[in-house]
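Chemist: Output the structure for:
(chains A and B)
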Amino acid sequence: MRFVDEFRDAELGRVLAAEIVSTVEPGRHYKLMEVCGGHTHTIYKYGVDDLLPENVELVHGPGCPVCVIPMGRVDDGIAVAHEDGVVFTCFGDMMRVPGSRGTLLEAKAEGADIRMVYSPLDALRIARETPEREVVFFAVGFETTAPSTALTLLRARAEGIRNFTVFCNHVTIVPPLRALLESPDLRLDGFIGPGHVSTVVGARPFEFIPADYDKPIVISGFEPLDLLQAVHMILVQLRDGRCEVENQYKRVVPYDGNPQALRVLAEVFELRPHFEWRGLGFISHSGLRLSDAFASYDAERRFAVPGVRVADPKACQCGEVLKGVIRPWECKVFGTACTPERPIGTCMVSSEGACAAYYNFGRFAREREAV
Amino acid sequence: MTTEEHALAMIERVRAKPLRFRDERVTMAHGAGGKATQALVEGLLAPAFGMNELADAAAIDGLALTTDSFVVRPIRFPGGSIGELAVNGTVNDLAVAGARPLALTLSLVLEEGLGAQDLRAEVEAIARAAESADVQVVAGDTKVVERGRCDSMYICTTGLGRVDPRARLSPSALRSGDRVIVSGSVGEHGTAIMLARGEFELAAEIESDTQPLWRAVDALLDAAGSELRCIRDATRGGVASVLNELARASGVAVVVREAAVPVHPAVAGACEILGIDPMYVANEGRLVAFVSPEAVDDALAALTSVPGCEHAAEIGEVKTEPPGLVLVETAFGGRRVMDMLVGDPLPRIC
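Modeler: The predicted structure is shown next:
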């Protein structure tokens, strides 16, 4: 096994697609939400939805870490980046996320020293190599990326590196899902559970979804066959009247998660009382900050962060897209005022964002043929 | 309530508008060969000089003229160096315009402190590449700037060529049914540079594909003549950007069969890990050719017999609908749009 193209076999895909067709009740409409932006990306990149029957609709959920960062936090990051002596580091996706007065990419062109990194360890390396500068890492992501930030901080402390801080925007997956399920306008039949987050937290934290809200959830991998199989598993649960947590991604996800990763998360981070999500508003206990033991590595405590809350742009309907209430193309500004090169909402920025994925890959409706 | 069809029609109306240059400052995205670059060229440069048709080279009285500058970092990388690129990049712009390269001018911008050994190595690389491309360096200029004001060296070359009488190349020649050929496996130059920078802690045996393309064009002209509709070299922004530029310029659709695109396994692996599509990665010795369906077999046979083009392949077809769009039939059996590159996956690759 090379664990790459085995899960992209077109022939197996057709077999699974046929199984799915024979599982659905004709006349019933199924709305399934893939929580994770990685899934959204796979669906569009491979054209997975072209293999689904018309009455199975995939709705794109709030699991794109870049897409849920509110404008105020981007402004805060830019303010820190402009401080004297700061080297500001972030993942490439964050560079184009609009704050209220521009993006990090534009701040870079104005003279701020902003560098794209692929891992927080790269940011730590810059700190080690340039001890006269203050290196700040813009940390984003769910429990998937939070352990790598935590390990970087543990290493920074072990090495005694003092010129490194983290601007922490890590978030947790369960509170937004609960908020979503509480939302009165939500109409969903089941969830495709987030595979990468689950490698850390396991499948167990999602038990509340069937228990409290009567919706099935299947944790899925990120290859096209994984997704088709997860869809099939949800549809079988619905057909059989079952409602439980199932794990399609057993080759990677242990039911109880990764205890080592969970341990470092608990050591380095603590829950914020509340954190603002783009489009979803403030959600209690949904964001992480550095614990007091790591206070000296916390950019929010080392620098004067403005912390001004900025309302989402009026025209932007990212919140409704993130909740699956509307589809990307139903947004008033989709593809016209809001495009990947000039995004208004964050869903249009990251390739995992529902709007960008639809705009970049899915825009050509499946019924239409090229002639 | 908006229908999907209406929303899509609105998008295409917006996309079809000429791009405007509205940014307050130049960002790295303006150099990436994607939409921002296009906005800079179409929105600022072309109108300033009254240029209507933008091509790789301009034809004047049977001669073709082009210019290019090279700022790649690092200056040496597996499979090539900045000197070799500076020759190949410019002769290839002539070649894909259907012109046999004749002569080059060479401008060097050197950073104070550059080692004589490095300079000598690049001058020799330029001489070797010029010889292999059968072109003369006939004039030049040198400037030195203070340390820190440039990155080792920048090179600018201007190329003069003679338009081949067999060539009838134009984007407006594309017809529904025409086939799309690439002259070899895609994405090797950009991936080699990416790995040579050592920022990813990834190692693989990938060499830049930099090479002169006149022989490939010559073979195509021989085999297909006027059935050869249009050629582009797929540099910054990769094959995807070239296809998009042509689809947009000619008002046709292009459908690419993903499974037919040749990609070196090491490139596929590196791109997979980095989350980049090889179709958007730069090449420095690959062309994309559009050929009529009648001539495609001969054209492909001729191309694969040219050294360096052994892996040439037919990857897709021109359609009329939906105009201006590039679609991909995925290897998995689905379909998606392949749009212009947005943003900048990797600056200063050439």
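Chemist: quick one: contacts for the residue of the stretch 51-200 of chain A found nearest chain B?
Modeler: Per Cβ to the nearest Cβ, A:A109 is where the stretch 51-200 of chain A lies closest to chain B, at 4.2 Å. Yep, even glycine has a C-beta here, placed from its N, CA and C like the rest. Neighbouring residues of A:A109 by Cβ atoms under 8 Å, 6 or more residues apart in numbering or on different chains: B:R25, B:V26, B:T27, B:M28.
Chemist: now the helices: where do they sit in the stretch 201-350 of chain B?
Modeler: Ranges of helices in the stretch 201-350 of chain B, per DSSP state H, counting those that start in this stretch, are B:214-224, B:238-250, B:265-274, B:296-304.
Chemist: average model confidence for the first one?
Modeler: This means helix B:214-224. Averaged over helix B:214-224, pLDDT sits at 97.
Chemist: Any buried residues in it, and which?
Modeler: B:W214, B:R215, B:A216, B:V217, B:D218, B:A219, B:L220, B:L221, B:A223, B:A224 (16 or more other Cβ atoms under 10 Å in any protein chain shown).
Chemist: Likewise for the last one?
Modeler: Of the residues in helix B:296-304, those buried by neighbour count under the rule 16+ other Cβ under 10 Å are B:V296, B:D298, B:A299, B:L300, B:A302, B:L303, B:T304.
Chemist: which one of the helices of the stretch 201-350 of chain B lies closest to A:V48?
Modeler: helix B:265-274 (17.4 Å; Cβ to Cβ).
Chemist: outside of that closest one, which residues touch it?
Modeler: So helix B:265-274 is contacted by A:4, A:118, B:185-188, B:191, B:194-195, B:200, B:202, B:204-206, B:263, B:277-278, B:281 (Cβ under 8 Å, 6+ apart).
Chemist: swap the cut-off to 10 Å and go again
Modeler: Here helix B:265-274 makes contact (Cβ atoms under 10 Å, 6 or more residues apart in numbering or on different chains) with A:2, A:4-5, A:92, A:118, B:185-192, B:194-195, B:200, B:202-207, B:209, B:263-264, B:276-281, B:345-346.
Chemist: any idea how far the residue of the stretch 51-200 of chain A closest to chain B is from A:E341?
Modeler: To A:E341, A:A109 is 15 Å away according to Cβ to Cβ, to the nearest Å.
Chemist: cool, and B:V91?
Modeler: Distance from B:V91 to A:E341, by Cβ to Cβ: 32 Å.
Chemist: tell me, how many neighbours does the residue of the stretch 201-350 of chain B found nearest chain A end up with?
Modeler: Residue of the stretch 201-350 of chain B nearest chain A, by Cβ to the nearest Cβ: B:G334 (1.6 Å). Using other Cβ atoms under 10 Å in any protein chain shown, B:G334 has 25 other residues around it.
Chemist: Would you confirm that B:A103 belongs to a strand?
Modeler: Yes. The assignment for B:A103 by DSSP: H, G, I helix; E, B strand; the rest coil puts it in a strand.
Chemist: My guess is it contacts B:G140. True?
Modeler: No. Using Cβ atoms under 10 Å, B:A103 is not in contact with B:G140; the gap is 11.4 Å.
Chemist: Pull the contacting residues for A:L52.
Modeler: A:17, A:20-21, A:24, A:30, A:32, A:43, A:58, A:227-228, A:231, A:235, A:366, B:334.
Chemist: can you count the residues close to residue 285?
Modeler: By default, I'm working from chain A. By other Cβ under 10 Å, the burial measure for A:H285, its neighbour count, is 14.
Chemist: my bad, chain B
Modeler: Neighbour tally, B:G285, other Cβ under 10 Å: 27.
Chemist: pull the helix or strand with minimum mean pLDDT from chain A.
Modeler: Comparing helices and strands within chain A by mean pLDDT, DSSP states H and E singles out helix A:318-322 as the least confident, with a mean of 82.
Chemist: Tell me the helix or strand right after that one.
Modeler: Sequence-wise, the next helix or strand downstream of helix A:318-322 (DSSP states H and E) is helix A:354-357.
Chemist: residue ranges of the strands in chain B, please?
Modeler: B:58-60, B:63-70, B:76-77, B:80-81, B:99-111, B:136-145, B:153-163, B:179-182, B:228-233, B:253-257, B:287-291, B:313-319, B:326-329, B:335-337 (DSSP state E).
Chemist: looking at those strands, which one has the lowest mean pLDDT?
Modeler: strand B:335-337 - the lowest mean pLDDT of those, at a mean of 87.
Chemist: Tell me the gap between that one and the middle of its chain.
Modeler: 22 Å (Cα atoms, centre = their mean, to the nearest Å).
Chemist: will you turn the buried residues of helix B:214-224 into TSV that also has distance to chain A?
Modeler: Converted to TSV, these look like this (distance: Cβ to the nearest Cβ, whole Å):
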residue	distance to chain A
B:W214	33
B:R215	34
B:A216	28
B:V217	28
B:D218	33
B:A219	30
B:L220	25
B:L221	29
B:A223	27
B:A224	24
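Chemist: Next up, the contacts around A:V21.
Modeler: If you count contacts by Cβ under 10 Å, 6+ apart, A:V21 has them with A:L51, A:L52, A:P53, A:N55, A:V56, A:L235.
Chemist: how close does it sit to chain B?
Modeler: 14 Å (Cβ to the nearest Cβ, to the nearest Å).
Chemist: Find the residue ranges of the stretch 251-350 of chain B scoring beneath the pLDDT cut-off.
Modeler: In the predicted model of the stretch 251-350 of chain B, residues B:343-350 satisfy pLDDT under 70.
Chemist: 90 - rerun?
Modeler: Scanning the stretch 251-350 of chain B for pLDDT under 90 picks out the ranges B:272-276, B:321-325, B:331-337, B:339-350.
Chemist: Apart from its neighbours in sequence, what residue is nearest A:V74?
Modeler: A:G99 (3.4 Å; Cβ to Cβ, 6 or more residues apart in numbering or on different chains).
Chemist: what's around the one you found, how many residues?
Modeler: Residues near A:G99, counting by other Cβ under 10 Å, number 21.
Chemist: B:E84: what's it in contact with?
Modeler: Listed by Cβ under 10 Å, 6+ apart, the contact set of B:E84 reads B:70, B:76-77, B:122, B:125-126, B:128-130, B:132-133, B:208, B:210-212, B:284-285.
Chemist: Just the buried ones out of those, please.
Modeler: By 16+ other Cβ under 10 Å, the contacts of B:E84 give B:70, B:76-77, B:122, B:125-126, B:129-130, B:133, B:208, B:210-212, B:284-285 as buried.
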